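Chemist: Structure of the sequence below:
(chains A and B)
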Amino acid sequence: MRNSRLSAILVALAVVAAAQCLAAAGRTSAPDVVLQGPAGTPVRLSDYKGKVLLVDFWASWCVPCKTSFPALDAIYREYQPKGLEVLAVNLDEQRRNADAFLAQHSHRMTVLFDPKGVAPEAFGVKGMPTSFLIDKGGTIRFTHTGYTGNVDVSYRREIAQLLGEQ
Amino acid sequence: MTLANTRRLAFVLAVAAAFAAGGCAAVQPWQRGRLADRCMIFDADSGQVGYMTHWQEAREGSSGGYGVQSGGCGCK
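Modeler: The predicted model follows:
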C-alpha cells in the first residue's frame, strides 16, 4: 500500500517535471507580438518569418542604448544585404522623447514603437537594452541583455551562424 | 488572551499585511523612464561628486563604500 502511494507520488512528480521542461522548450519560440510603425500602422512579428531577425528593445532614457543603437544600425548596414532584418523597438511612454532621440541618431534599420510595453513583457525582457536574435524558423536563439562594445563580436558570429542555416 | 481575541488579532494582522503588500509594485525594466529622469538624480553633477570622493578618500587614507574597489593611496 505504502509502495503504491510512493509510486503514485513519483509518477506525479515526473509528470510535473516533464510539463515544466516542455513549457521551457516552448518559451524559446518568439512571441507573435504586434508593434506600431512610425505612422502607427500595426506590424506583426510573424510577418518577418523566414528571415533572420534581430529585435532590440531600447528607450531614449536608457544610457547604454545611446551606444547600442548606432552599433546595431552599423550591424544592420553590414548584414542587411545578406538577409538580416533589425527591428529596433522603442519603449518610451512619450513618443516625442523617441522622436528627439531619432532626430539625433541617423539610422537605416526599422524602428518600431511599443509605448505600452506589451512586447517586452511577452519576450521576458530583464534589462535595458535587450536584444533577441531570432532564426528563420521564428525561434529565439540568442539573447543579449545590456550592452558593451565587446559584444559586437558575438553578434557578428551569431548572425553569421543564423544566416548560414537553412 | 482568549481564542476570540487571538482570531481578531490574526484578522487585523492579515488585513494590515494585505494593505502593506498592496503598496509594493514591481517596476519593469522598460518602465524606468521616469526614474531615469535627470530630476530623480540626488547628485546633479557626477563630475563634482567624483572629485569630492577622490579628495575625501585621499584625506582619510581609506577608500571604498561607494561601490568601487580601490586602495587607500589617494592615487585613484
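Chemist: Break chain A into its domains for me.
Modeler: A:1-29, A:31-164 (automatic domain parsing).
Chemist: Nearest to chain B, out of those domains?
Modeler: domain A:31-164 (4.2 Å; Cβ to the nearest Cβ). (C-beta placed from N, C-alpha, C; glycine too.)
Chemist: Pull up the distance across that closest one, start to finish.
Modeler: In terms of Cα to Cα, to the nearest Å, the two terminal residues of domain A:31-164 are separated by 23 Å.
Chemist: ok so, going back, for the domains of chain A, which has the smallest mean pLDDT value?
Modeler: Ranked by mean pLDDT, the domains of chain A bottom out at domain A:1-29, which scores a mean of 59.
Chemist: which of the domains of chain A sits most buried?
Modeler: domain A:31-164 (a mean of 17; mean count of other Cβ atoms under 10 Å in any protein chain shown).
Chemist: still on that earlier bit, okay if I get the domains of chain A as TSV plus distance to residue B:36?
Modeler: Below are the domains of chain A laid out as TSV (distance: least, Cβ to Cβ, whole Å):
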stretch	distance to residue B:36
domain A:1-29	29
domain A:31-164	4
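Chemist: and residue B:52, which of the three is it?
Modeler: Counting by DSSP: H, G, I helix; E, B strand; the rest coil, the backbone at residue B:52 sits in helix.
Chemist: Next, count neighbours for it.
Modeler: 12 (other Cβ atoms under 10 Å in any protein chain shown).
Chemist: mind checking the end-to-end distance for stretch A:61-69?
Modeler: Start-to-end, stretch A:61-69 (Cα to Cα) is 12 Å.
Chemist: For the helix or strand hosting residue A:103, list the C-alpha coordinates in CSV.
Modeler: Residue A:103 belongs to helix A:95-104 when elements are defined using DSSP states H and E. What follows is helix A:95-104, C-alpha atoms only, in CSV (Å, rounded to 0.1, in the frame of the first residue of the first chain):
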residue,chain,number,x,y,z
ARG,A,95,6.6,59.4,-28.4
ARG,A,96,8.2,62.9,-28.5
ASN,A,97,11.2,61.6,-26.5
ALA,A,98,11.8,58.8,-29.0
ASP,A,99,11.5,61.3,-31.9
ALA,A,100,14.0,63.6,-30.3
PHE,A,101,16.5,60.7,-29.9
LEU,A,102,15.9,59.5,-33.5
ALA,A,103,16.4,63.0,-34.8
GLN,A,104,19.9,62.9,-33.3
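Chemist: got the residues of chain B near chain A?
Modeler: Residues of chain B lying close to chain A (Cβ under 8 Å from any Cβ of the partner chain) are B:28-33, B:36-37.
Chemist: check contacts around residue B:32.
Modeler: For residue B:32, the contact set (Cβ atoms under 8 Å, 6 or more residues apart in numbering or on different chains) comprises A:61, A:128.
Chemist: Beyond the helix holding residue A:103, next helix or strand please.
Modeler: Criterion used, DSSP H and E; the element after helix A:95-104 is strand A:110-113.
Chemist: so how far is residue A:124 from the nearest residue to residue A:36 once chain neighbours are set aside?
Modeler: Closest residue in space to residue A:36, ignoring its immediate chain neighbours: residue A:113 at 4.4 Å, by Cβ to Cβ, 6 or more residues apart in numbering or on different chains. Relative to residue A:124, residue A:113 is positioned 20 Å away (Cβ to Cβ, to the nearest Å).
Chemist: any chance you could map the helices in chain B?
Modeler: Using DSSP state H, the helices found in chain B span residues B:3-22, B:46-60.
Chemist: what does chain A have sitting close to chain B?
Modeler: So far as Cβ under 8 Å from any Cβ goes, chain A lies against chain B at A:57, A:59, A:61-63, A:91-94, A:97, A:117, A:120-121, A:125-128, A:130.
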